[in-house]
Every structure is written in C-alpha cells, then in structure tokens.
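Student: Pasting the sequence and the predicted coordinates here, then a few questions.
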Amino acid sequence: MTDPAAAFTAPARLGGSRAASRLQRAPSLLTPLALAIGAGFAFPAAFVVWRTIRLEASFSETIGEIPGPLWRTVQLAVLVSASTACLGTLLAWVTTRTDLPLRSMWRIVLVLPLVLPSFVGATAFIAGLAPGGVIHDGLDLIGIDAPRRFRGLGASWFVLTAFTYPYVMLPVSGRLANLRASHEESARMLGCTQRQAFLRVTLPELRPAILGGSLLVFLYTLSEFGAVQLLGYDTLTRVIFATRLSDRALSFASATVLLALAVAVVVAERRLRGRSTPDRRAAAAGTRRPTELGWRKVPATLTCATVAAIGIAVPVISLGVWARRGLAANRVSFGDLVDPAITTATVATITALVTVIVVLPVALATTRRPGLGPNVAAGFVVGGFAIPGLVIALSLAVLALNVSAFGFLYQTLPLLIIAYVVHFGSQTLTSAEQAVRAVPDAVREQSQLLEPNALRRAVRVDLPIMRPGLLAGGGLVMLATLKELPATLLLAPNDFSTLATEVWSGLEEGFYAAAGLASLTLIAVSGALTWLLVLRRMDSAA
Amino acid sequence: MKRSPSTLIVAGLAAFSFVAAACGSDDAEPQSSDAAPADTDTLPTGSSADSGEGDAMSESITIYSGRNEELVQPILDRFEAETGIDVDVKYDDAANLALLIDEEASAGRVEADVFLSQSPGTMGFLDTNGRLAQLPETTLDLVDVNVRDADGRWIGITGRQRVLVYNTDLVDPADLPTSVFDLIDERWQGQIGVAGGNGSFQDFVTSMRATQGEDMTAEWLSDLAALDPVPYPKNSAIVAAVGRGEVEVGLVNHYYNFLALEEDPNQTSANHVFEGDDPGAVLLVTAAAIVDGSERTAEAALLIDFLLSDDSQRSFSDDEYEYPLASGVEPSGGLPALDFTDVGSIDFNELQGGLEATRELIADAGLES
Amino acid sequence: MVGSTVGNTRGALPPARRRVIRPSLASVALDSVTVDYPGAPSAVDNASLDIDAGSIVALLGPSGCGKTSLLRSIAGLERPVAGSVSIGGSVMSSASTWVKPERRSVGMVFQDGALFPHLTVNENIAFGLKATGDRTSRSERTARVEELLTLVDLDGLGDRLPDTLSGGQQQRVALARSLAPNPSVLLLDEPFSALDAGLRVQVRADVAKILREVGVTSIFVTHDQDEAFVLGDRVAVMRNGTIEQMASPDELYRSPTSRWVASFVGEANFVSGTPSDGGRQVATSLGSVSIDNADDIAGAGAVSVVIRPEQVEIAPGDDAEITAVEYYGHDVRYEVRLSDGSSISARTHPDRLLERGQRVDLALDTSTKATAFVTHADAP
C-alpha cells in the first residue's frame, strides 16, 4: 500500500462511508451475477443430493453405518483447524513482525509445504520414519527412537497440520502487513504489555483472516482421503470411496452427510466473523519497528526450521533418496517428465486466471453489496472445497454426458478446468475480498469522476490496486491445481498426464523412484511458477 | 509347487456364479445379447463409426486402464507400432473407471472400447450392470477356461497370487503358518497388515466365500479382527510397512514385494505362499473386457489378443512378476512355479450378493478401514 | 443524534468530573536525544527540551523534521540511540535505563485515532482501565467511562462501533480513551490532520478546551503554525532533527532566532538595510526601524530585517504598484512591487480597499521593534 493512499483515505472516510451507502442502494447486476456464479459452484452439491434421493438412500441407515467415521472426521477436522490456526498465526507473526534473522527467506520457505500433494507428503513422511529414513536416523542422532508405528488420529493430525498451516499463515501474514501500527501502539500506551496488546487488539483484528484460513483447513480435512488412509485413520471419505461401487446409495448418502457438515461449518464461520467490520482504509505506511526477539530468536528460528523440515525438507529428502536409487539404476529419467511438466504448468496457470475472473464478482458483491444473496453465493464457492475432487469430477461428467448442450465438453480440458475452478474457488475468495477492500472508497469515487468508462476505470484504477490480493489468490489456486489428482484422472482427455498423475502412477504400485522424481519435479515447477507469476509480481506491485 | 485338485472347485464356481448373476441382474440396462461379437450393428450410439469389421481397421482405439501406466504402456506402445492402431488411454483407479463407464453407458455414450482392470471385482460390477460385450471365442480360447468369465464377457490377462509378506528380520520362516486359517494365532496379535478396503482383499474374501462358505469366512474375518490387525489402504503400503518392520506380516498380492525389492534391494521382506489349495493362496486375475456398445470390437479383440500374445505375456511376467495366463507361456525365473491350470479363479459378478455382500462381511468384522 | 457541535452550555466543571480526571502533573525533560532509523540520517539529532508540568507544548515543523520521532521517543515507542528522556523527574530512557511504554503513564492520541474497530466506544474508552495492575472496579469503570463521554460531549454514543462515528467524533473518543487512565503526560500526534478543514477547526477548539479543563501536561505534534499557536503555551520549532527555537507563540512570531523560523511561523518580508546606533536602528528603503536584537547585528555591514506584512502601511501614492489583492474580510493582503523590482506583502484593515494596478506609497509601522539578521553573501 502506498503512503498517499493512506493519507487521503482517512479524511475521506466520513464522506466516504456515506457515499458507499449511497452506492449500495444503486441498482446493480452484481448480486444476481454473484448468485449465478454461486449456483454454478453449488452444482456438485446438488448432484450429490439428487443422486442420494434417486438411489433411495435411507438416512437412518446411513447414520447407523457411519457414526464412527463421522465422529473421527469431525475430531480430526477440528483438531487440525485449531492447530493450524495457532501455528499459522505464530509463523505469520514471527516472519512479518519481528527481527527474526532471514525472515524473508522463511516467508517463502514456510509456504512450500503447500506444493506437496498430501498423499505424497504422508508417504514420504512415513518412509522417513523407517530405519534408514531421514527422520529415523535424525532422531537416532539425538538418542530418540523413532516410533515403530506412526498412524491414527495423532499421526494424521500431525501430518495434516504440517502440510496445511500455510492456508492460515498466508492470509494472516497479509492481514498483519496491512494492520495499522497505531492500534497496537495505542494499546501499549494504554498500559498493555506487548503480549496483552497482541491478545487484546491485534488478535481480534486478525480474527477474520484466521477464521477464513482455518475454514479452508477444515474443509480440506473433510475432503482429504489419500493421506489419512495412509496414516490408518478411518474417516467419512473412506466410506464414500470404499462403497462407491458396492453400495452406491451409502456412498452418496455419506457424501451428503459430508456436505451437511461443510454447510454447517461455512455458516458458522460467516457468523463468527461477526461484527468486526473490516478496516476499509488503506493501511498506514510509516515506520514500524520490528519486535525485537532478543534471546527468543533461537527458539523462533528453531520453530521455523522444524516446521520447514517436517513440511518440506523431510519429504524432499525421502523423495530424493527414491529418485536417486532409480536414476542410478537407470530405471527413470527426467526426460519423460518434460511434457507432463509443461502441461501441468499451462493448465494450472489457465485455471488460476479463470478462477480469479470467476470469483472476483462474488468478492465484489460480498464486499460492496453485502447482504444475504452475496453471502449465499460466497458460501457455495467456499463449500466446493469440502467436496472430494472425485465427486466433483463425477458430477461434471454426468452433467456433460446427459445434458446435450454440455456434451461437447466431455473429456476435454475446459471441463477439467471447470472442475478445478469449482473445487478451488474458495482459495481465491478470501484474497479477492481483501483485494477489493484494498481499493479505498475515496480512490473509487475520485476515479469515477476522472474516468467515466467503468471498464477502463477497472483496468486503470481498480485492478492495479487489487493486483497483490488477486495474485495471492490466483497463486493458491495454481498450487492446488498443480497437485490435484482425482478430478484430473477422471475428467482429463485420454493420454493426458500431469506431474500429479505421474506421481500417483508411481506410488500406486510402489514405483518409488518414478514417484520421487515426478514429485521433485512437481515441487520445482510449483516453486518456479509461484515465484515467477506470483511473488515477483507482488513485490513489484507493492 | 503341487496344487491339490480341490482348488478346481474355485473354477467350477465361475460357471455357477454366472448363472446367479444372469438371474439376479434386474435393474441392469439391457445387455448386448450373447450373439457373436461381430454383430455390432445393434449398438445404440449415434457417433460416426469406422467400420468395425472386416479388414478395414479403425485408426484408433480407446482404453480405460485400471492397470498401472508403468506396467501397461510399454506393451500398448508395441501394439501401436505393430498394428498402426493409435491407442488412447485413460489411466485411473479401476473402480473410478468402472463408475465412469457405467455413467457413460447410462447416458447412451460409449467412450471406451476396452477396459483393463486389476481386480475382478470391478469387472463384476460392470458385467452386473450389463456394460460388457461378448468376447470372441478365438480370444477366449487363448486362456484356460478357469481364468475367464464363464459367459465370455471378460478374460484374465495375468494372475496375482495372494501371499503373506513377512519381515525377514523379525520373523523366523519356521513360524509361518501353512494356511491362512493358521494365521489366526496370538503369535500374530497386532502384527498383521491388512488392506480391508482394497479391491484385492475384497476379491480374496469373495473367493473364500465361494470356496469355504459364508459362515467360515465370516468366522475367519472376525477371528482376524480379534488379532487387531493394522489397517493399510493398499498392498504397496503393507509391503513398505513390513519392510520397515512396522508390522511383521501382511496379506498382499505376490508381486508387490518383487517390485519393492527392485526399488530397494536391501528391504528385509519376503513372500510366503500358503500351501496347497489354501484360500489364502488364491490366484486373482487382472482382466480385460470389451465395453458394450463399442464400435471397434475387432480392434478391441485384436488388442486383447495382443495382451495375451507370448511377447506381452512374457513381459508382464519378466518385468512385472505377474503370472502369465495365456496357455503355454511359462512364468519368468524369478517367480515360484505355479501351475495356473490348477488354480481357479472366480466369477465375482454376483456371488450371492456379490461385491456388496463381501464388503458388508468385511465391514461387519470391523476390518474395512 | 448527538452531533459534532460543541455544547455552549459547558461551564464550570461539575464536581464529578474533577473526581474522574485527576492528572498527576509531570514535567518532561529531553536531554540531547538522538533517534536513528537504519539507513537514514538521524531523525532526531541531539535535541533537548524542557516542558513544565501542566503546560501544553506544540512541536512544530515541516514533515520529516523529526517531530513525530521525538514524540514517540517520549512515549517509549522509539528508543533513542543517545540522550535521555525524563518524565516527572524520573529517567525513562537513557543509555542505562529503559522504561517500557506501558509503564510510563503517558497517554497518546494518534493521527488516525487508532480506535479499536472491534470494540464499542465504551469498550475503547475503558480499554486502559483494564490494563495491568489497574484495580478499578466495574462500577467505577462504568462511571469513569460515562464521565469521559460527557467530557468529550459524546453522551449516548457509548454503544456504537467506531466505524459508525464521524472523524471528529472518533478523534474525541481517542482523546477520552487516552485520558481514562489519568496519564501524567498526554501526547498527540497530528491529531487533527486526518480531519477535513472545517471539522478541524471545530475539533481543535474542542480539544483545546478539554486539555485546559483537565490540565494535563500535553505535547502535540503539528505542521500547522496556526494550530501550534492556538493550542500551545509554548511552541518548539523543529527542523532537520534539531530544535531551532522554543518559545511562546508571541515571542516566536516577534523574535524568531533565524530567518528560517521567521518565515516558517508566519509570512515575513526580508527587507535589507544598514544598521546604525550599535544595531539599535536599521535604515531601509522603507524607512528606519528599531531593532529588538541589536546585539546580534552590532557591527554588521548589511542586515535584513524581518518585516511582518501587517507592519507595512500602504497609502495611495507613487512609489510602488499593487500586483495582487487578497480579500479576507478581517483584513486585506496586498502584494506590492517596488521600483527596484522586489516584492513585498502588506496586510491592512479593509476599510480603505485598494485595487490591483493602483500605485501606492509604503511606510513601516515603527511602534514595534523588529528582528534583523546579518546578511551573508550566500543568504537567499
């Protein structure tokens, strides 16, 4: 954010908020547009419910069959959301607000666990625990015996936390960077210690960001399948998958239960965000002295290093060991991965762009025309993340197969991209909402006077200001798309392979060398794309 | 290895169970008749078709493969080179592909010509729903009658034997049981890796139901559950877990350990084969079928024939340690000898409730997850 | 709705109000304070300042002069790299001492108000009452919040969220909030700059009145000379990190110690002349003036004299020409071009309004003494 913007939003605020309410009364197509987009996102959910009814699933029978998995799913989702909320917030604060050495490096490294598909992360992590594995030997050095078994709730909680905390860390970092220093300083002047100021002032202001991130983690955990299966934790998704051929009614009914859970959580989160109206003013620039950590630099650095080790270093080393064995024996080579890598990068980039374009109207509606309609639309967008990718893919396949207007889309890339958009739109929404809020009311009003053409105004004024937020949102979708598997397998054209499908293909039958090499390539491509398309441009925009 | 004749019961059941399937398939779409596969003019789709008959071969063919790309693609590449027919492949989990083929057929579209599955269960699902076409007799004749669908709608390509994989550091081979029933022993309390939700375990249980009966199977499952076996999602995960000593033994298909040792020759795991006609040593087939409504049945049959050719069978065996099923092809040197004509397979279509009943049996024992 | 108008009814303070606001008056002393930011010249360079208990002092200077950094080092939000800060005689910051901001008993009002957006007005005001070590009971707290709301004339708005208040109201809540814990010193960082012009004058008057009522030692930062003069008992003028001059507004205006201060605190004509009588008189082209700081210029050859526009008398005549007229109602400002080409500005009563282009004669009001500076060759 720029200083001049900050300087003139504040005085304009008074007039600005009145003007904003004037604008809100003006008729607009935004709300209907948002609802139409929301309806698109709601399609897979509607399909699940419709199938459940058509297959005449018995609700009471379903509930009778799944109490265990349902309860375990809820336990895991609650635990992982809570721990990622704490860890993500802590890491965000340490890397944006303190004098931690190398903190700009940590800011990038600590996002990397997001690039690993969780089933790969889990497999590599488990391999690391085996004798000869990197964790096993590492623990050995400090005289600790690695656990012989690493499974169940605790293991799943640990691994999912290690791979999903960036969903909280990223929005919280963004919010922290935008918060006014004066709020915390006011609290200090009113007698609060630094810790009290954080708890009483900063934390409440971070609440929407923390809640939004934790919601993504919760929904992710609901739809997670591969990693928890590998870790021997039985959840609702296992029922959906295990019965998909043998008892389709139960499978769809379980998916409906999952949906109901997701809806309840989305609604609860929207409520919890509560009355704290987001600060629509641009952030005050000015000097903010980083908090001096002093001796706490040591534990802070250790924490960052441990998290990075678990989330990225351990998997990469395990994958590297596999890949090296294969390369040494000449069983695998990078050459086979060039085409999948190019395909993956292209499709992910297109998907990110399309998702941002599709979700932006919803973000505009929720922030500029708040009300029930836009909220419902936003709920559908967010809910798409809770539906397992296979179910989304199946619903779109059925749509294309049975509705002649969409028939031409079947087994084409556009349909696959639609599936990605529906599945991952939620990851853009929060960032897009923040991006929209970053355009100060005064700037919008001023630009309306200077540039009557709405489209050109958007291109010349709004989009440049929104750019960092939109890039961040698009970046998350890109990362998610790069590693997406079930929808890619089901919906992609024949002979279409991505790096994720290559990884799957290897892991499925235990070809660890091939899987390791493909995973490392996936990590490299993800990192390169994130830097080229997102981080670099965000810096130049700032 | 000597097999007792009683395993042949398994084979006999194949024929029996199809009868049950034919009677039980009520809600299925009308299946293609038992007419010869050349009789393709009754097919429902309206897509423009190359002639599927005679010498005019279509230029391409679509395969939905539930078998792994690493295993299958080299052979398909050879098929392309030798026949000039382009092969389009979609790889996914066999169950997902079976679902997709079912949805496509419900919508009146035929996208896949050939379905390759690594588990008989998915073939059973599609056959029950009437989604598979009759295979030509010439193709069916390539394998022993024991390892194909009694009614000729799918055919075994390779075999995977059920074994007990064990950690060579932790287990004295002398302690290993001779029968899967003897595995029920406190010695193995908490030490057995099981993939209860996995297709291969389900197929193994289905065959046990067929050979040993419902009650005995249910009893064995609940005895097994009482030993607190450790659940895993799939065979490769069990082999890895045994290799690192997380569990001492695991119920898996034989070839995963061969592949694992190829990846890491230092891994301390080995296969143990239950003796004789033990249901724990059943041979599960990977199978191929032509999708009902395909307009390229001739090409499809050609492909299946190719998979059963000596060269392909040998590479399945040499490269992937699977048992060749085509008559007259010997398994590679690495594999323990197995007289496949002695080892039956099962028609999994509708064995008294089919897949669903098997799943319920496993779930009731508490072994599904 | 209670508007932003200042209640004219506010007379003597009711007894309750005295009970609530009981500042413990403290002096503030800065000794050779230097504040550095990494990679930049010192924001504050060796600044010293003594502020009497109970007085209101303005830190006036252009943006970037270091005035905010100086204020923040009093608050404890910046740690000076050299020098010491004392409040009420105890050292808060020195080479060997550091008192955390929350322990200094200092209140601060920020430029943007910095109200906590998630708390109501009442909760914002009560915020400092719940901080460490404060044993105030709930009922006492409620009473104090009520009294403070009355003090800043916002009765009835206690349950509103900050977002729903006008900028002026927000600033008054911020003031009430910082006064609630009875600070010994109140710091205000450009408290009115975020308000638009009309509102600014109003809120400034409100705040001035409240500060006088409460009597707390107050230091505020501004770049606006009017604001500094209206509010401040004394004004410290800062430039490039140093304090150029600290004096009462009147002294600052009449006897600036440098040409820069002279022009920063108000419009100044610099008229060149020649000193005589040991510097007590200077002869200029407009006539002779008595000089206040005779000792400074005694013996100099050439000086320039600070002539405020209101000291220039103009009447229709012949010497010069009016080139611009600005009519303000209470007075009129003229720009006049002299025969030598130089310009001078003059302010007069509007009763004899002259027009642009009219020729006039100029004279100096000799009733007050003026300040003169020795002219250097390179002086502007």
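Tutor: That came through fine.

Student: Domain parsing of chain A, as residue ranges.
Tutor: Per the record, chain A has its domains at A:21-42+A:332-542, A:55-279+A:296-325, by automatic domain parsing.

Student: Would you map the helices across the stretch 201-350 of chain C?
Tutor: C:225-231, C:249-254, C:259-264, C:294-297 (DSSP state H, counting those that start in this stretch).

Student: quick check: mean pLDDT across the shortest one?
Tutor: The predicted model gives helix C:294-297 an average pLDDT of 85.

Student: which helices and strands does it pack with?
Tutor: Secondary structure elements in contact with helix C:294-297, counted by 3 or more C-beta pairs under 8 Å, 6 or more residues apart in numbering or on different chains; DSSP states H and E, are strand C:371-374. C-betas here are computed from N, CA, C, even on glycine.

Student: which other helices and strands contact the strand it packs on?
Tutor: Packed against strand C:371-374 by the contact rule (3+ C-beta pairs under 8 Å, 6+ apart) you find helix C:294-297, strand C:303-307.

Student: How about the shortest one, which residues are buried there?
Tutor: Meaning helix C:294-297. Of the residues in helix C:294-297, those with enough neighbours to count as buried (16 or more other C-beta atoms under 10 Å in any protein chain shown) are C:294, C:296-297.

Student: Can you add distance to residue C:82 and give these back as JSON lines?
Tutor: Conversion of the buried residues of helix C:294-297 to JSON lines gives the following (distance: C-beta to C-beta, whole Å):
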{"residue": "C:294", "distance to residue C:82": "37"}
{"residue": "C:296", "distance to residue C:82": "30"}
{"residue": "C:297", "distance to residue C:82": "35"}
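
Student: and which of these is nearest to chain A?
Tutor: Checking those against chain A by C-beta to the nearest C-beta gives residue C:296 as the nearest, at 38.4 Å.

Student: Against the centre of chain C, work out the most remote residue.
Tutor: residue C:318 (40.8 Å; C-alpha atoms, centre = their mean).

Student: Can you get me a residue count around the nearest residue to that one once chain neighbours are set aside?
Tutor: Across the structure, with C-beta to C-beta, 6 or more residues apart in numbering or on different chains as the measure, the residue nearest residue C:318 apart from its sequence neighbours is residue C:359 (5.5 Å). Residue C:359 is surrounded by 13 other residues when neighbours are defined as other C-beta atoms under 10 Å in any protein chain shown.

Student: right, and residue C:359 touches residue C:323 too?
Tutor: No: taking contacts as C-beta atoms under 8 Å, residue C:359 lies outside contact range of residue C:323: 11.2 Å.

Student: contacting residues around the residue of the stretch 201-350 of chain B found nearest chain C?
Tutor: When scored by C-beta to the nearest C-beta, the stretch 201-350 of chain B has residue B:233 as its residue closest to chain C, at 44.9 Å. Residues counted as contacts of residue B:233 (C-beta atoms under 8 Å, 6 or more residues apart in numbering or on different chains) are A:226, A:229-230, B:195, B:197-198.

Student: want to throw the residues you listed into TSV with pLDDT, secondary structure and neighbour count?
Tutor: What follows is the contacts of residue B:233, written out as TSV (pLDDT from 0 to 100; DSSP: H, G, I helix; E, B strand; the rest coil; neighbours: other C-beta atoms under 10 Å in any protein chain shown):
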residue	pLDDT	secondary structure	neighbour count
A:226	83	helix	21
A:229	84	helix	27
A:230	83	helix	27
B:195	89	coil	24
B:197	78	coil	24
B:198	81	coil	24
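
Student: And the pLDDT for the residue nearest the centre of chain C?
Tutor: The residue at the geometric middle of chain C, judged as the C-alpha nearest the mean C-alpha position with C-alpha atoms, centre = their mean, is residue C:228 (2.0 Å). Residue C:228 carries a pLDDT value of 92.

Student: Identify the residue nearest it in space, chain neighbours excluded?
Tutor: Closest residue to residue C:228 in three dimensions, ignoring its sequence neighbours and counting by C-beta to C-beta, 6+ apart: residue C:58, at 3.7 Å.

Student: now residue A:411
Tutor: If the residues on either side of it in the chain are set aside, residue A:411 comes closest to residue A:493, at 5.2 Å by C-beta to C-beta, 6+ apart.

Student: in terms of contact, does residue C:371 touch residue C:263 like I think?
Tutor: No: taking contacts as C-beta under 8 Å, residue C:371 lies outside contact range of residue C:263: 11.7 Å.

Student: Of these two, give the one with the bigger neighbour count.
Tutor: When neighbours are counted by other C-beta under 10 Å, residue C:371 comes out ahead of the other of residue C:371 and residue C:263, with 26 against 15.

Student: measure that one to chain A for me?
Tutor: 35 Å (C-beta to the nearest C-beta, to the nearest Å).

Student: moving C-terminal of the worst-scoring helix or strand of chain C on mean pLDDT, what's the next helix or strand?
Tutor: Sorting the helices and strands of chain C by mean pLDDT, DSSP states H and E puts helix C:15-20 at the bottom, at a mean of 43. Moving toward the C-terminus from helix C:15-20, the first helix or strand encountered (DSSP states H and E) is strand C:28-35.

Student: packing partners for that following strand?
Tutor: By 3+ C-beta pairs under 8 Å, 6+ apart, strand C:28-35 packs against strand C:44-51, helix C:67-75, strand C:82-87.

Student: what helices or strands is the last one leaning on?
Tutor: Based on contacts counted as 3+ C-beta pairs under 8 Å, 6+ apart, the elements that strand C:82-87 packs against are strand C:28-35, strand C:44-51, helix C:67-75, strand C:90-93.
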